[in-house]
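Visitor: Mind looking at a prediction? Sequence and model below.
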Amino acid sequence: MSTPATTLATARRELAWPAYARGQFLLSWRVFWRNRRSTFIGFLLPVLLNLVVAAPLRDQQIAGVGAAAYSTVGFIGFALVTSFINLLNGVVARRDDLILKRLRGTEVPATAIFAGQFGAAGAVVLLQVLVLGGVAVTWFDAPLPADPVLFLLALTGGFLLFAVLAAALSGLTPSAEAAPMIATPVLLLCMFGSGVVAPLSSMPHWLQGPAHAVPLAPVVETLRTAWFGRGFGAETWAGAPLARLDLVQGWQHALPALLVIAAWTAGAAALGRRLFRWEPRHG
């Protein structure tokens, strides 16, 4: 049974939650930009890779849209994976430096700790969306997003998926030095197995089914559907242009992919409850 003092302390913590989360946000934001490695991987890498890959595709078409713009929207999805890498590194480093342990012993709620750290990573992703979206529209002649609401929903869902996955896999990461061993396979799988650059139909037939289940694949598919207003997912390099969809048809087409994103997020959350550690791993 709670006492009046306990109830009052709980109320004070709830009222102070925004301040706690803001403090964690500002700390994570400063650490990100001061670390050259995290800045390169988490911000510059998707932008630079997109310029290298998409620029030669300016005169080609995929499913009725410019191939360069098609790839650029794919790299917006890929930015979620580089965000995952930096979150994984950040969570493991804070755990090994005993920062998480000390914070857990204070009044700062666990939700505020992660809200601040995830919020800073999300702000970086939004900056990347503005940069890559600007490149798509101004340089690669892409239209403005056909359904901004669906686009933001897919982006938010994908970010939460990879943020929760980073927290979960931090429990399997023995140290910050070992984080690349966990992050690199995820990076490569999502880069080459999720249709970031080219349609999944360009892969061997026996790989196409599993590729559609890779966590980034439904995110990229929905981002393209929302941006171009066409039903992406089964497009090919040489196929006919996809039919245009109205807003209702776009949501109907995107629903299965959104459910896959939700399922992945739920699975990552369940994994995180079992694996996440507040203190360094021993042995």
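Guide: In hand now; what should we look at? Because the structure is predicted, anything quoted here is derived from the model rather than measured.

Visitor: Please count neighbours and contacts with C-alpha atoms only from this point.
Guide: Noted.

Visitor: need the contact list for the residue most central in space within the chain.
Guide: Ranked by distance to the mean C-alpha position of the chain (Cα atoms, centre = their mean), the top residue is Leu80 at 2.6 Å. Taking Cα atoms under 8 Å, 6 or more residues apart in numbering, we find Leu80 in contact with Val125, Gly158, Phe159, Phe162.

Visitor: can you tell me the helix or strand for it?
Guide: Per DSSP states H and E, Leu80 falls inside helix 67-96.

Visitor: How far off centre is that helix?
Guide: 6 Å (Cα atoms, centre = their mean, to the nearest Å).

Visitor: Who are the packing partners of the next helix or strand after that helix?
Guide: Next helix or strand after helix 67-96 toward the C-terminus (DSSP H and E): helix 99-104. Using 3 or more Cα pairs under 8 Å, 6 or more residues apart in numbering; DSSP states H and E, no helix or strand is in contact with helix 99-104.

Visitor: which outside residues touch helix 99-104?
Guide: Arg94, Arg95, Ala110, Trp278, Glu279.

Visitor: Quick check, Val124 in contact with Phe43.
Guide: Yes: if you go by Cα atoms under 8 Å, Val124 and Phe43 touch, sitting 6.9 Å apart.

Visitor: What is the three-state secondary structure of Leu144?
Guide: coil (DSSP: H, G, I helix; E, B strand; the rest coil).

Visitor: Near it, how many other residues are there?
Guide: Neighbour count of Leu144, defined by other Cα atoms under 10 Å: 13.

Visitor: Among the contacts of helix 99-104, which one lies nearest to Leu26?
Guide: Nearest to Leu26 among the contacts of helix 99-104 is Arg94, at 15.0 Å by Cα to Cα.

Visitor: Could you measure from the closest residue in space to that closest one that isn't next to it in sequence over to Leu165?
Guide: Nearest residue to Arg94, sequence neighbours excluded (Cα to Cα, 6 or more residues apart in numbering): Leu100, at 5.9 Å. Distance of Leu100 to Leu165, given as Cα to Cα, to the nearest Å: 18 Å.

Visitor: Between these two, which is the more surrounded one?
Guide: Leu165 (23 against 20).

Visitor: Does that one touch Ala270 like I think?
Guide: No: if you go by Cα under 8 Å, Leu165 and Ala270 don't touch, sitting 9.8 Å apart.

Visitor: Could you count how many residues lie near His21?
Guide: If you look again at residue 21, you'll see it is Ala, not His. A count of nearby residues for Ala21, using other Cα under 10 Å, gives 23.

Visitor: Oh, that last question was meant for Asn86, not what I typed.
Guide: Residues lying near Asn86 (other Cα under 10 Å) number 23.

Visitor: what's the answer for Ala217, then?
Guide: 28.

Visitor: Just confirm it is within a helix.
Guide: Yes: according to three-state DSSP, Ala217 belongs to a helix.
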